[in-house]
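J.: sharing a sequence plus its predicted fold:
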Amino acid sequence: MGRVTGVFDNPPSFPCTPPGVDILEGGKLTSNNVAGSSHDPLQSPAVASGAVSIPGGDTAGQDALHSAGVEGSEDSGARSKLPQPSQEEETLMCLLQHCICVSRPCEILEWCYHPKGSCKGPENWKEINNNCGGDRQSPVNIVTKTTQLDKRLTSFNLTGYKTLFDSTVKKNSHTVEVTLNPTATVSGGNLEDTYKPLQFHLHWGTNGVRGSDHTIDGEQYPMELHVVHIKQKYSNLTEAFQDQSGLAVFGFFLEESNSTNKNFDNLINVLRSIENKSGDVSIKNISASQFILPEENMTSYYRYNGSLTAPNCSESVIWTVFEKTIPLSKKQLEFFSSLKLDDGTPMVGTFRPPQLRSGRTVYRSSSPAVLASVVLLFISITTTFSLSHLC
């Protein structure tokens, strides 16, 4: 379970107004000056910048990215060791932690994939953030016969993806995430701008089956890997979330193979040290390219406008879902199902069910590989028709 924090430009809906705060039109927040107070916490430079540090977590912007697979740790006992917060401090914490005000103190909302205790499952994520009930949510079921050809969906230009670097693997209660080389870039593929990678994370099922976020014609793959990119011109996620194309996420399906994929050996080996707990571990001499498809196999893909697939569910994502799969052995796929939460619960089924397309069009690239299924269907129909006339 994870604490959810938000961005001031997209505040949560509160059943009651937090003490000392008015929620104004346009999503602007201001203090109504708590009686007897001379300090306005909402006017501090850190808050105004959207980069407020929260005890036990990361900055507000980083917590928002945790919705795509990153989570800060929280020391549940820390609060009892600190002085009790003032009314102003409690108000600020309430706003930053997307909580519901139930008199005092605030109740922090948590999200998870499988409801347990106070955490909210996928069907109730909109109670944590209104974005999750929007009409451009992800993932979706891609129905290939209804996709539209877009000849502008050409090949991508990747730079720095083969560069070796040292990084950090983070395991939290929602996913496994690897920080990527920030000097790499991607353009082309009808992306309107140049993007830089932030991290990749994984979604998986149980015992190496049915774990992808997206589905193709109703078929769910064992795993899905997401590479999260932000527009190169943006310095933080707060800016990106205000842009419907601020993020570009690449989705890769992972499928069972008879052979081991050695490119994932290093990742699996370092994860063994935190297999039964949340935490960070170093990983050395990796490249972004080793975890994704070869560049020449990235010409067959689907494209649509959507969102992050977990809270805050920001509808600021250009999705590229690749047709060709990344092979992993059965043993490698099953390893991820062996990971456990801090309480010993198996960490399985880390995916969101498909969301309604709500009139959105899913486009396909002009690569012959994407059209292969259509061609085969046409040949099959033609052959059947010809044979029927011979009888």
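T.: Arrived safely, thanks for sending.
J.: ranges for the helices of the stretch 151-300 of the chain?
T.: For the stretch 151-300 of the chain, the helices defined by DSSP state H, counting those that start in this stretch cover 237-241, 265-271.
J.: helices or strands up against the last one?
T.: What that stands for is helix 265-271. In terms of contacts (3 or more CB pairs under 8 Å, 6 or more residues apart in numbering; DSSP states H and E), helix 265-271 is packed against strand 165-171, strand 176-179, strand 279-286, helix 330-337. Placement of C-beta: from N, CA and C, glycine included.
J.: reformat those as a markdown table; add mean neighbour count and distance to residue 201.
T.: Formatted as a markdown table, the helices and strands packed on helix 265-271 follow (neighbours: other CB atoms under 10 Å; distance: least, CB to CB, whole Å):
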| stretch | mean neighbour count | distance to residue 201 |
| --- | --- | --- |
| strand 165-171 | 18 | 9 |
| strand 176-179 | 22 | 4 |
| strand 279-286 | 14 | 14 |
| helix 330-337 | 19 | 12 |
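J.: of all those, which lies closest to residue 152?
T.: When the helices and strands packed on helix 265-271 are compared by CB to CB, strand 176-179 sits nearest residue 152, at 30.7 Å.
J.: hmm, residue 178 and residue 168 touching each other?
T.: Yes. With contact taken as CB atoms under 8 Å, residue 168 and residue 178 are classed as touching, separated by 7.5 Å.
J.: overlap of the contact sets of those two?
T.: residue 283 (CB atoms under 8 Å, 6 or more residues apart in numbering).
J.: please produce CSV containing the helices and strands packed on helix 265-271, extended by mean pLDDT and distance to residue 233.
T.: Below are the helices and strands packed on helix 265-271 laid out as CSV (pLDDT from 0 to 100; distance: least, CB to CB, whole Å):
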stretch, mean pLDDT, distance to residue 233
strand 165-171, 98, 23
strand 176-179, 98, 20
strand 279-286, 98, 27
helix 330-337, 98, 35
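J.: output these as TSV; include the columns distance to residue 208.
T.: Formatted as TSV, these follow (distance: least, CB to CB, whole Å):
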stretch	distance to residue 208
strand 165-171	18
strand 176-179	15
strand 279-286	22
helix 330-337	3
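J.: closest one to residue 241 among these?
T.: Of all the helices and strands packed on helix 265-271, strand 176-179 comes closest under CB to CB, at 18.6 Å.
J.: contacts for the closest one?
T.: 69-70, 167-171, 198-202, 267, 271, 283, 286, 291, 336, 339.
J.: ok, now which ones touch residue 268?
T.: The contact partners of residue 268, taken as CB under 8 Å, 6+ apart, are 332, 335.
J.: quick one: pLDDT of it?
T.: According to the prediction, residue 268 has pLDDT 98.
J.: from residue 151, how far out is the closest residue to residue 121 other than its chain neighbours?
T.: Ranked by CB to CB, 6 or more residues apart in numbering and with sequence neighbours excluded, the top spatial neighbour of residue 121 is residue 115, at 3.8 Å. Distance check for residue 115 against residue 151: by CB to CB, to the nearest Å, it reads 44 Å.
J.: okay, the two: which has more neighbours?
T.: Between residue 115 and residue 151, residue 115 has the larger neighbour count (other CB atoms under 10 Å), namely 14 against 9.
J.: next, the more buried one: phi, psi?
T.: When read as degrees, to the nearest 10, the backbone of residue 115 gives phi -50, psi 130.
J.: and the gap between it and residue 235?
T.: Counting by CB to CB, the gap from residue 115 to residue 235 is 36 Å.
J.: show me the shaky parts of the chain.
T.: Applying pLDDT under 70 to the chain flags the ranges 1-108, 367-391.
J.: one more pass at 80, please.
T.: For the chain, applying pLDDT under 80 flags the ranges 1-109, 367-391.
J.: how is it divided into domains?
T.: Annotated domains of the chain cover 2-108, 134-376 [automatic domain parsing].
J.: thought residue 232 was touching residue 197?
T.: No. At 10.4 Å, residue 232 does not count as touching residue 197 under the criterion of CB under 8 Å.
J.: look at those two and report which has more neighbours.
T.: Using other CB under 10 Å, the more surrounded residue of residue 232 and residue 197 is residue 197, with 23 against 14.
J.: so what's the residue nearest to the more buried one when sequence neighbours are not counted up against?
T.: Counting by CB to CB, 6+ apart, residue 197 lies nearest to residue 180, which is 4.1 Å off, once chain neighbours are set aside. Counting by CB under 8 Å, 6+ apart, residue 180 touches 167, 197, 198, 199, 200, 227, 288.
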